[in-house]
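S.K.: The following comprises the amino acid sequence and a computationally predicted model.
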2 protein chains.
Amino acid sequence: MNLADIYKPIQADLDKVEQSLKEISTTGFPLLSQLLSYTLRDGGKRIRPALTLLAGKFERYDPTRLILMATAIELLHTATLVHDDIVDKSSLRRGKPTVSRTWGESRALLLGDYLFARAGRLAASTGNLRVVELFSETLMTISAGELRQTGITFDPQNARREYFDWISSKTACLFAAATESGAVLAQSPETTITALREYGLNFGIAFQIIDDVLDFIGEETELGKPVGSDLSEGIATLPSILFIESHPNDNIIASVAGRKDAEITARAIEKVRSSAAIDQCLSIASDFASKACQAIHHLPESPAKQSLVSLAEYILKRRK
Amino acid sequence: MNLADIYKPIQADLDKVEQSLKEISTTGFPLLSQLLSYTLRDGGKRIRPALTLLAGKFERYDPTRLILMATAIELLHTATLVHDDIVDKSSLRRGKPTVSRTWGESRALLLGDYLFARAGRLAASTGNLRVVELFSETLMTISAGELRQTGITFDPQNARREYFDWISSKTACLFAAATESGAVLAQSPETTITALREYGLNFGIAFQIIDDVLDFIGEETELGKPVGSDLSEGIATLPSILFIESHPNDNIIASVAGRKDAEITARAIEKVRSSAAIDQCLSIASDFASKACQAIHHLPESPAKQSLVSLAEYILKRRK
């Protein structure tokens, strides 16, 4: 199933989210408008706002509030990407130079702050305090998790646990907020809210594992950034962690970290690519996607539920 | 009147704000707790939370909600300082090395994000959506204003207007949010809310002008940062703008900017110090402080009102 088919139950409202993003990019101040257009109109897949809209379909679907919240979620996501690119000193994002590379780190920092604030105002405009609190807690979790990550040195013994903690806070937490907020705004019963939050959390973990696999096996033209960028920065993701677990005498993280040696990095990437680690990662991601679907299994059948199930299958097969 | 006397009507609740800041610094994650303690427990004057509490004294004083909001305002202020120090590449803040200098820019950036989020959650926990929206709008104004400032090249013709636009968004806007939110949470009538917002806005402009004057005439030991730091970065504040207005052939900003020449900078600082510009600035600051008091003149007499009037006088005389 392709994304257009999956999005069918909410396509009209997702178009309105896109329209909102366009309107938000128009401000009275040219540099800000330029930066907003650059970051918000880059043809992302809009999976997070789609999840908010789909999760809002199980009870009293309230398109106005859901569109506001879905837009807030996409803005929050964008803000974290803009700040991440500063922290990671990344040059490319989705095939385009990053804001920090093109306009400098100061402007990228301030743009991210503006996006957080704009997102917060949208969340508040839903009129629902619970989703505003959820919104703030999500940003707390993401930033505290990233901060924690800056202090971690690679230790093969703890690496797998650290990795799951890290991707839960940096990625899965926002997917969970996307589905939970949709369910809250639809005034779903608590059991449905919990089920949809669980879906989002497990979906997010699967999503991030695939991201990290693609960093090894993807094509630069499709990824929009260099292959092996995590490993070359000495960052341990699941593929390299599993590789080291089965090759305890070949600590590729330790041998790559801090060296900036393209040949050593290329060799390490090739080792991981051709090892069993990739298939193991795909299998683990698949387990999390199944868990996501399992969490909503008891909800009544509907086109939205079918889309959530299909989306969990879709992300396992994505190539960018 | 000293600050302790001015704070008397709200001292007990201001102590609870201090207590909240201490509690917020205790998290399950040591690096985060360390960074929070470092930034939140540095003995600032807590003028902004005091303003929220004082502004909440004119109608139904609700200490629980006001303390939450006053704490949120102080956190928001702290977050903007942490990010400002990255943008300005500052080494010192209140006599201590900045977070970005000590722990690096990435950690400072993530700490600021966490503080924004934590502040937002506190604002939401007041249960009042209007103050949450005000909170988000304030951060939008601050970050958009700072972003705008990054694109401005000094032009003596527009410098004064640009300066007032800039300090309104970077400083006064947060003071206005402090008083407005206090008034909103006290369920004040709209005329009182507007009056207290006007007070905060004008107070904030006076506050920033004095800050900029102190950057020229203060003592490094009292300021906790080098004297003339704005000018040495080529940033035009009111003292240098007024100096250039009356010495059109001596553009000290143009002669200092980008040179990093300590002698040229020291000479420029001395020129401004010994010129009429300093007294003119003090007089303009005094006018804004009067405007602030004028805005609340019609409100009934009370200890809180007296404190607001005294605080506006106090900031004109502060030396740090």
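M.R.: Received it, and whenever you're ready, just let me know what you need. The structure displayed is predicted, hence computed values, not measured ones.
S.K.: and the stretch 201-320 of chain A, which residues reach chain B?
M.R.: Where proximity means Cβ under 8 Å from any Cβ of the partner chain, the stretch 201-320 of chain A presents no interface facing chain B. From N, CA and C alone the C-beta is placed, and that goes for glycine too.
S.K.: Please identify which residue in the stretch 201-320 of chain A comes closest to chain B.
M.R.: A:E233 (12.3 Å; Cβ to the nearest Cβ).
S.K.: Report the contact partners of the closest residue to A:D215 other than its chain neighbours.
M.R.: Spatial nearest neighbour of A:D215, excluding adjacent residues (Cβ to Cβ, 6 or more residues apart in numbering or on different chains): A:D230 at 5.2 Å. Taking Cβ atoms under 8 Å, 6 or more residues apart in numbering or on different chains, we find A:D230 in contact with A:212, A:215, A:236-237, A:240.
S.K.: now A:H83
M.R.: A:108-109, A:112, B:109-110, B:113 are the contacts of A:H83 under Cβ under 8 Å, 6+ apart.
S.K.: need the residues of the stretch 51-200 of chain A near chain B, please.
M.R.: Looking at chain B, the residues of the stretch 51-200 of chain A close enough under Cβ under 8 Å from any Cβ are A:83, A:86-87, A:104-107, A:109-114, A:116-118, A:120-121, A:124-125, A:127, A:129, A:132-133, A:135-140, A:142-144, A:146-148, A:150-151.
S.K.: Mind checking which of these are buried?
M.R.: Buried members of these, counted by 16 or more other Cβ atoms under 10 Å in any protein chain shown: A:83, A:86-87, A:105-107, A:109-114, A:116-118, A:120-121, A:124-125, A:129, A:132-133, A:135-140, A:142-144, A:146-148.
S.K.: mind saving the C-alpha coords of the helix or strand that contains the residue nearest to A:D215 as PDB?
M.R.: For A:D230, the host element (DSSP states H and E) is helix A:229-232. Below are the C-alpha coordinates for helix A:229-232, written out as PDB (Å, rounded to 0.1, in the frame of the first residue of the first chain):
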ATOM      1  CA  SER A 229      26.800   9.600   9.000                       C
ATOM      2  CA  ASP A 230      26.100   8.300  12.500                       C
ATOM      3  CA  LEU A 231      29.000   5.800  12.500                       C
ATOM      4  CA  SER A 232      31.300   8.400  11.100                       C
END
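S.K.: how about the strands of the stretch 51-200 of chain A, start to end?
M.R.: Under the criterion DSSP state E, counting those that start in this stretch, the stretch 51-200 of chain A carries strands at the ranges A:92-93, A:96-97.
S.K.: Indicate each strand paired with the last one and its parallel or antiparallel sense.
M.R.: Taking DSSP bridges as the criterion, strand A:96-97 sits next to strand A:92-93 (antiparallel) in its sheet.
S.K.: Name the single longest helix found in chain A.
M.R.: helix A:190-217 (DSSP state H).
S.K.: I'd like to know which elements that one is packed against.
M.R.: Using 3 or more Cβ pairs under 8 Å, 6 or more residues apart in numbering or on different chains; DSSP states H and E, the elements in contact with helix A:190-217 are helix A:47-55, helix A:159-167, helix A:173-185, helix A:229-232, helix A:238-246, helix A:262-273, helix A:277-295, helix A:303-317.
S.K.: now the angle from that helix to helix A:303-317?
M.R.: 20 degrees (axes from the mean of the first three to the mean of the last three Cα atoms, to 10 degrees).
S.K.: check contacts around A:T126.
M.R.: A:T126 makes contacts with A:65, A:68-69, A:72, A:132, A:185, as judged by Cβ under 8 Å, 6+ apart.
S.K.: with the residues you listed in mind, which one is nearest to A:Q34?
M.R.: A:A72 (21.9 Å; Cβ to Cβ).
S.K.: these two touch, right, the closest one and A:A117?
M.R.: No - with contact defined as Cβ atoms under 8 Å, A:A72 does not count as touching A:A117 (10.9 Å).
S.K.: Mean pLDDT and distance to B:F29 added to the helices and strands packed on helix A:190-217, as JSON lines?
M.R.: Shown next, in JSON lines, are the helices and strands packed on helix A:190-217 (pLDDT from 0 to 100; distance: least, Cβ to Cβ, whole Å):
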{"stretch": "helix A:47-55", "mean pLDDT": "98", "distance to B:F29": "25"}
{"stretch": "helix A:159-167", "mean pLDDT": "95", "distance to B:F29": "11"}
{"stretch": "helix A:173-185", "mean pLDDT": "98", "distance to B:F29": "15"}
{"stretch": "helix A:229-232", "mean pLDDT": "83", "distance to B:F29": "23"}
{"stretch": "helix A:238-246", "mean pLDDT": "95", "distance to B:F29": "22"}
{"stretch": "helix A:262-273", "mean pLDDT": "89", "distance to B:F29": "30"}
{"stretch": "helix A:277-295", "mean pLDDT": "97", "distance to B:F29": "25"}
{"stretch": "helix A:303-317", "mean pLDDT": "97", "distance to B:F29": "30"}
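S.K.: Now that we have the ones you listed, can you turn them into TSV and tack on distance to B:S302?
M.R.: Formatted as TSV, these follow (distance: least, Cβ to Cβ, whole Å):
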stretch	distance to B:S302
helix A:47-55	47
helix A:159-167	52
helix A:173-185	41
helix A:229-232	60
helix A:238-246	62
helix A:262-273	68
helix A:277-295	56
helix A:303-317	56
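S.K.: In helices only, show me the buried ones among the residues of the stretch 51-200 of chain A next to chain B.
M.R.: Per DSSP H, these map to helices at A:83, A:86-87, A:105-107, A:109-114, A:116-118, A:120-121, A:124, A:129, A:132-133, A:135-140, A:142-144, A:146-148.
S.K.: centre of the chain versus the helix holding A:D230, how much separation?
M.R.: Counting by Cα atoms, centre = their mean, to the nearest Å, helix A:229-232 is centred 18 Å from the centre of its parent chain.
S.K.: What ranges in the stretch 1-150 of chain A fall below the confidence cut-off?
M.R.: Counting by pLDDT under 70, the stretch 1-150 of chain A shows low-confidence ranges at A:42.
S.K.: ok, now with 90
M.R.: Confidence mapping of the stretch 1-150 of chain A against pLDDT under 90 gives the ranges A:1, A:41-44, A:88-96, A:149-150.
S.K.: What count of nearby residues applies to the closest residue to A:I209 other than its chain neighbours?
M.R.: Computed as Cβ to Cβ, 6+ apart, the closest residue to A:I209 that is not its neighbour in sequence is A:A285, at 4.0 Å. When neighbours are counted by other Cβ atoms under 10 Å in any protein chain shown, A:A285 registers 22.
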